[in-house]
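got a predicted structure here, sequence first:
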Amino acid sequence: MRVDTEDKIAARVDLAVHGVRADTPVRRSKGAGPSDDGHLVVDGSNAALPLNPDSPYTIRNGRVYRDRIDLGLSVEPVARPRFYDLRTADGVPYQQIALLHGKDVLASTVVQTCIRYAEDQRCRFCTIEESLRAGATIAAKTPAQLAEVAEAAVRLDGVRQLVLTTGTTAGPDRGARHLVRCVHAVLEAVPGLPIQVQIEPPGELSVLTELRRAGATAIGIHVESLDDEVRRRWMPGKSTVPLHEYEAAWDEAVRVFGRNKVSTYLLIGLGEDPDELVAGAARLIERGVYPFVVPMRPMLGTLARRAGVQAPAPALVRTVTERVAALLREAGMKGADQGAGCAACGACGVLSAAGG
């Protein structure tokens, strides 16, 4: 049976929360950030979906099914990229330097350690150092290594954008100046490649101008929640950076990079009041900052998963996503217009499918 009128947004939300029974060649099981997933292309767009053997959703003949019902969504697993078979000039597998996200996004955590990773400090949804402990990556990527891998990924696999994030370092720039060097090197090897950089608010806001002058296209300064109580509970170390520092960094980043070239994650499912979450997203949009709302899905190895925290209800994810998407449309802000980064990729959330 096939249902052509099936609500595709509802299906996309359900997939984002409950995942799919599938075997995907490209996947991410640990690392920085709030999601571990298999990478697929759903209705032509990147989608990072939990690989869940208990999911009611399956893939058959390039379509998504729930039982025998065709949900009207085309799907194709992202193919294993050719650059994964190579090693750098100094012998490191390319896959330990950067990973393919979706069909055309290259991503790397340039410093795989974080000063906030002690158990009483770490973000409860993050496993940035677990991939390092598992031997899946190296602690610090050099600008030369990133440039070499980016050039190969563009040439061999059609990569169209690069995301560079970092664990927080002890210096006042919180890791941003290493990103400056990395952006310089990559653009020397691949001129014109759109690059998003991701950092905590730096103690020295002048480094934002350095990142832009190096050639970064967009920037993510990720707060995850605008509720201080939620921040203290979920991000005890990161919450010591007060919200006014985020606001100053966002405003300076918008001045330097431009409206809708700055983004921040807002996670659905941390216990924040949904009306307050949407109101906070509206304030960010007024600042020119794109609020990338994403369901929090506890990764294996996280403190949240250990505590038995569950992903949010699909109805909540849908409501928040559609309300924020409407605000973005009204403001004329689309994630794709960022050029590079999480909002431009859109795979970890449903905003792009909802028109944001």
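All right, it came through fine. Numbering: from 1, shown residues only.

now do the buried residues in stretch 333-348.
333-335, 338-348 (16 or more other CB atoms under 10 Å). C-beta here means a position set from N, CA and C on the backbone, and glycine is covered the same way.

what does stretch 346-356 give?
Applying 16+ other CB under 10 Å to stretch 346-356 flags 346-354, 356 as buried.

elements contacting the helix or strand where H244 lies?
For H244, the enclosing helix or strand under DSSP states H and E is helix 243-257. Using 3 or more CB pairs under 8 Å, 6 or more residues apart in numbering; DSSP states H and E, the elements in contact with helix 243-257 are helix 206-214, strand 218-220, strand 262-268, helix 274-287, strand 289-295.

show me the contacts for D23.
51, 77 (CB atoms under 8 Å, 6 or more residues apart in numbering).

and it, which of the three is it?
Counting by DSSP: H, G, I helix; E, B strand; the rest coil, the backbone at D23 sits in coil.

got the angle for the helix holding H244 vs helix 206-214?
30 degrees (axes from the mean of the first three to the mean of the last three CA atoms, to 10 degrees).

now stretch 341-356, how far from the centre of its chain.
On the basis of CA atoms, centre = their mean, to the nearest Å, stretch 341-356 sits 10 Å off its chain's mean C-alpha point.

out of the buried residues of stretch 333-348, which one sits closest to C126?
Set against C126, the nearest of these by CB to CB is C348 (13.7 Å).

phi, psi of the closest one?
phi -80, psi -10 (degrees, to the nearest 10).

and it, how far is that from N61?
26 Å (CB to CB, to the nearest Å).

same question for V78.
In terms of CB to CB, V78 sits 18 Å off from N61.

what about these two, which has more around it?
V78 (24 against 8; other CB atoms under 10 Å).

contacting residues around the more buried one?
24-26, 39-41, 100, 102-103.

scan these and report the most crowded one.
L40 (26 neighbours).

I figured that one was touching A47, is that so?
Yes. L40 is in contact with A47 according to CB atoms under 8 Å; the separation is 5.0 Å.

shared neighbours, these two?
Any residue near both L40 and A47 by CB under 8 Å, 6+ apart counts here, and that gives V75.

rewinding a little: redo the helices and strands packed on helix 243-257 as TSV? Include mean pLDDT, mean neighbour count and distance to D85.
TSV is the format used below for the helices and strands packed on helix 243-257 (pLDDT from 0 to 100; neighbours: other CB atoms under 10 Å; distance: least, CB to CB, whole Å):
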stretch	mean pLDDT	mean neighbour count	distance to D85
helix 206-214	98	19	30
strand 218-220	98	27	30
strand 262-268	98	26	32
helix 274-287	98	17	41
strand 289-295	97	27	31
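
in CSV: those, plus distance to A11.
Shown next, in CSV, are these (distance: least, CB to CB, whole Å):
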stretch, distance to A11
helix 206-214, 38
strand 218-220, 28
strand 262-268, 17
helix 274-287, 21
strand 289-295, 14
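
which among these is found nearest to A153?
strand 218-220 (18.6 Å).

now do stretch 145-153: everything it contacts.
Contacts of stretch 145-153 (CB under 8 Å, 6+ apart): 81, 83, 86, 88-90, 92, 94, 97-98, 100, 106, 108, 110, 159, 162, 164, 182, 185-186, 188-190, 193.
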